[in-house]
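Novice: Show me the folded form of this:
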Amino acid sequence: ILKIMTTYGGGLLAAATTFNTENGNKITQVTGEDTQKAYIVAEHGNAIGIVDTSVGKIDLDSFMYSTGAIKSSIQLVRDSKYDMVAYIKEVLGQRMGRGTHYDFTVADGSNKPLGIVPASTLGATAAGVSRVKLIQLKMAVDQAYRSRGSYMFNSATASEIMQLSIGSADDRPLWQTSMRDGEPDRLEGRPVLINEDMANIASAAKPVLFGDFSQYRIRRVGSFEIFAFNEMY
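Specialist: Numbers count the residues shown, from 1 in each chain. Have a look, this model is predicted:
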């Protein structure tokens, strides 16, 4: 089911860092982004100054997701030449992938996960998408994360970006199509991730993200369980 979730959920599930916990108790994660530099001190007698770092924390809660029930007759399960049990598992994985991925993208954190779009506060603003704005967005990210960064947007935005050229005197496409199976397409030298839960290009929307999405943490509690309610119907 996890593999199916990643396939049907979208780009964020594949790019984020996922870790498992045995129970659903609230856990605390330390946050911080230290940009201080080391400095030279004299060999003898100089006191070393105190340069504190800014450390915060965020509490990661857990939420139960359900795909809803699927009814299937005993005759169909037993007599079908297709593996109906495997098919039902695939449907459940698709539903779980789409549902959780949507929240991981846009949920506001109020009794639900905090999505990566609401959590993103820096970047570039524009009425539309242009090469200049895509570069500004990329360069707004610290180099430590930029070197591992990817662009993320939905298919409608991808269609608009695919029509952009390098410049007015250079009509070569900005979009760099991958020539190798399994390798993502690239934009300004960085990988592209398609996330259908991202907003379309519009005023006050956030249609494009750039960053190191492995820094987004997804907590998974225990394992998936599938229950057969034979007595209900």
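Novice: Low-confidence ranges, this protein, go.
Specialist: Scanning the chain for pLDDT under 70 picks out the ranges 1-2, 8-9, 33, 45-46.
Novice: name the element the residue positioned nearest the centre of the chain belongs to?
Specialist: Here the mean C-alpha position of the chain is nearest to the C-alpha of L12 (CA atoms, centre = their mean), at a distance of 2.5 Å. Per DSSP states H and E: L12 is located in helix 11-15.
Novice: ok, and what's touching that helix?
Specialist: Helix 11-15 is contacted by residues 5-6, 97, 100-101, 104-105, 116, 150, 152, 193-195, 197, 213-214, 216, 218 when judged by CB atoms under 8 Å, 6 or more residues apart in numbering. (C-beta placed from N, C-alpha, C; glycine too.)
Novice: if we go to 7 Å?
Specialist: 5-6, 97, 101, 104-105, 116, 150, 152, 193-195, 213-214, 216 (CB atoms under 7 Å, 6 or more residues apart in numbering).
Novice: Buried ones among those residues?
Specialist: Among those, those classed as buried by 16 or more other CB atoms under 10 Å are 5-6, 97, 101, 104-105, 116, 150, 152, 193-195, 213, 216.
Novice: Which parts of this structure are strands?
Specialist: Counting by DSSP state E, the segments of the chain that form strands are 17-21, 27-32, 55-60, 150-153, 165-167, 170-173, 175-176, 186-187, 190-194, 209-211, 217-221.
Novice: Flag every buried residue along the last one.
Specialist: Buried residues in strand 217-221, defined by neighbour count with 16+ other CB under 10 Å: R219.
Novice: so how far is that strand from its chain's centroid?
Specialist: 12 Å (CA atoms, centre = their mean, to the nearest Å).
Novice: Direction included, what does it pair up with?
Specialist: Its sheet considered, strand 217-221 pairs with strand 17-21 (parallel) by DSSP bridges.
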